[in-house]
Structures are given as C-alpha cells and as structure tokens.
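Participant: one predicted model, sequence on top.
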Amino acid sequence: MRIPLLLLFAMVVPAHASETESAASHPTDAAAPAEKPAEKPAAIEAEQDANNAPGSKEPKVLTGKIVGVASGDTLTLLVDATPTVVRIAGVDAPELDQPYGNHAKRILTSRFAGKVAVVTVEKRDADGIAVGGIKVGKQDIGLQMLRAGMAWHYKDEKDTAQLAKSEAAARKAKRGLWRDASAVAPWRWRDKSAQPETAEVAAQPEAAPQPAAAAAITPPSAPVTPTGYWLNTRSNVRHNRRCEYYDNTSQGRYCTAREGKRCGYCGG
C-alpha cells in the first residue's frame, strides 16, 4: 500500500519534535539524537520516487518466473512469491474455444514456461490485469507469437511497426492460423452477436464432409485424444508434438507413430 508523502512527514516530524524537546531537558544528549531523525523523510521520499512514478500504484517493471499459461497471450508470473497475471500488449491470440486457441497456448507454453520474464507494464485492462511488453532474455514473446502465426496484431491497443511487420510476415508465409482463409479475429469471436458464419464453420471443421482421399486415410478407430502425433489428412504427413504443424493443419487428426509419412522437419 502506498502511504501519501504528507502522511509520512506527519508520522516522522512529531517523533523528531519530541526528541528535540527531550534534548532540551537533557543538554548532554542533544547532539546525537537531533541529527539522525532529520534524514528519514528525505530517504523515504527518495525510495518512493525510485520505485513508483508520481501517481503510479505499482512498479513499472515486473520480473518473475513464468509458472502458468492461460492462453496464447496471457500468462502468470511468480513475482516476489506472488502469482501475477500479465497479458501481452498489442497481441491477441485466439480464444481457447476458437480454432488454433489451444495450439497457441501450447506453443507459448513449450517455448517459454519455466523461464524468467520481464514485463514492462503499460496499463491495466478492465479486468485489472497488467498489460505490457514481455521479454524472456532478448526474445519478445509478443513478436514471437505473431511471427509463428499464433496471434493477431491488436492495433486498437498498441500499434507499432514491429508488431505490424511480424503479423504481415506470418500472413505472407501462411504460418499457423493464416493457413485458414476463414480465420476470425478474437475480438470478433468474442462478440458473439457479430460473429460471421465463417467462424462457425471454422469452429467445427469436422462437420464438413471429408474428401474421399482423406476418408480413406482415417480408420474408424482413429484416436480422438492427444497422442503426441498429428496426421495431416490432406498430405498424409505425420508430425510429432515438437513440430509447429502438430495439431495445426486445416485438415488432420491425432494418430499413432506408424501412420502416414514422416515430416521432413520434425521426423514425425
């Protein structure tokens, strides 16, 4: 809790005054006690100005180990033994009930969980969550998620050239969610009343009839829970959980280690 500076003076000055009075009644002790309390207000003020800018209620920089990942743009840091939820400024990852939402969460977890992050706090959102740029070493987490095609650049919150270029590069290379022409931005997804039909189709891809070739690859007993392997049913290529294409193709399913052809990058 931040105590107003005037109150700090009110708390310190009376004590000083009483010591001065006491010194008057005992002249032999006056020199030592009189100087020591006088330094306290200046020291307190200096420390307060260093930790909190005028009008601020919290530090501008948070440092802590990443101990939890809620989504592709929100995580929990352990700051001074206190769990603190933070969100990446200007980056909006798919919701968990949205296509690529869980995959974005897994990508962020696999790359950064357990590492020490530094957050430059820019504001707090409507939910009271600290929002800002987040780095692990020299890696900017927001830029990494955008370049991987795992999030949108949220211009209404923060519009910078770096964020824009990172999203543009992923779009051009059709990485991550940009492989899906019907991908819906999270802020539109959250607004259910304005949600287009394409979002409903994207949310339930299995409802669409499968091509004959894909159906031939998919046996009736195909796994429906994560197995550590993902089969792109369009190309019949198998990816393991370390691959960026794991659970990240427009058509696919979980599979066994013997199905399909091995991915040339991860080895399947």
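Facilitator: Right, received. Where do you want to start?
Participant: shaky segments in the stretch 1-150 of the chain?
Facilitator: The stretch 1-150 of the chain contains residues with pLDDT under 70 at 1-59.
Participant: can I assume G72 sits in a strand?
Facilitator: No. Looking at G72 with DSSP: H, G, I helix; E, B strand; the rest coil, it is coil, so not inside a strand.
Participant: show me what contacts it?
Facilitator: Shown in contact with G72 (Cβ atoms under 8 Å, 6 or more residues apart in numbering): A93, P94, G101, A104, K105, I107, L108, M145, M150, A151. Bear in mind the C-beta positions are built from the backbone N, C-alpha and C, glycine included.
Participant: the fifth one contacts S71, correct?
Facilitator: So that's K105. Yes. At 5.3 Å, K105 counts as touching S71 under the criterion of Cβ atoms under 8 Å.
Participant: quick check: neighbours shared by those two?
Facilitator: A93, L96.
Participant: using PDB, write out every CA atom in stretch 142-152.
Facilitator: Extracted as PDB, the C-alpha positions of stretch 142-152 are listed here (Å, rounded to 0.1, in the frame of the first residue of the first chain):
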ATOM      1  CA  GLY A 142       4.600 -11.000 -28.400                       C
ATOM      2  CA  LEU A 143       6.700 -10.800 -31.600                       C
ATOM      3  CA  GLN A 144       7.400 -14.500 -31.400                       C
ATOM      4  CA  MET A 145       3.800 -15.400 -31.200                       C
ATOM      5  CA  LEU A 146       2.900 -13.100 -34.100                       C
ATOM      6  CA  ARG A 147       5.700 -14.500 -36.300                       C
ATOM      7  CA  ALA A 148       4.600 -18.000 -35.600                       C
ATOM      8  CA  GLY A 149       1.100 -17.200 -36.800                       C
ATOM      9  CA  MET A 150      -0.400 -17.800 -33.400                       C
ATOM     10  CA  ALA A 151      -1.900 -14.400 -32.800                       C
ATOM     11  CA  TRP A 152      -3.300 -11.200 -34.300                       C
END
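Participant: please identify the buried residues of it?
Facilitator: Going by neighbour count (16 or more other Cβ atoms under 10 Å), the buried part of stretch 142-152 is G142, L143, Q144, M145, L146, R147, A148, G149, M150, A151, W152.
Participant: cool, stretch 235-247 as well?
Facilitator: Residues of stretch 235-247 classed as buried by neighbour count (16+ other Cβ under 10 Å): S235, V237, R238, H239, N240, C243, E244, Y245, Y246, D247.
Participant: quick one: secondary structure of the residue lying closest to C243 once chain neighbours are set aside?
Facilitator: Among residues not flanking C243 along the chain, C266 sits closest, at 3.6 Å (Cβ to Cβ, 6 or more residues apart in numbering). Look at C266: counting by three-state DSSP, its state is coil.
Participant: out of the buried residues of stretch 235-247, who's nearest Q162?
Facilitator: Set against Q162, the nearest of those by Cβ to Cβ is E244 (21.2 Å).
Participant: surely M145 is within a helix?
Facilitator: Yes. Assignment of M145 by three-state DSSP places it within a helix.
Participant: how far away is it from N232?
Facilitator: In this view, M145 and N232 are 22 Å apart by Cβ to Cβ, to the nearest Å.
Participant: do the same with R190
Facilitator: Distance of R190 to N232, given as Cβ to Cβ: 29 Å.
Participant: V79 and G64 touch, don't they?
Facilitator: Yes. Between V79 and G64 a contact is recorded at 3.9 Å, counting by Cβ under 8 Å.
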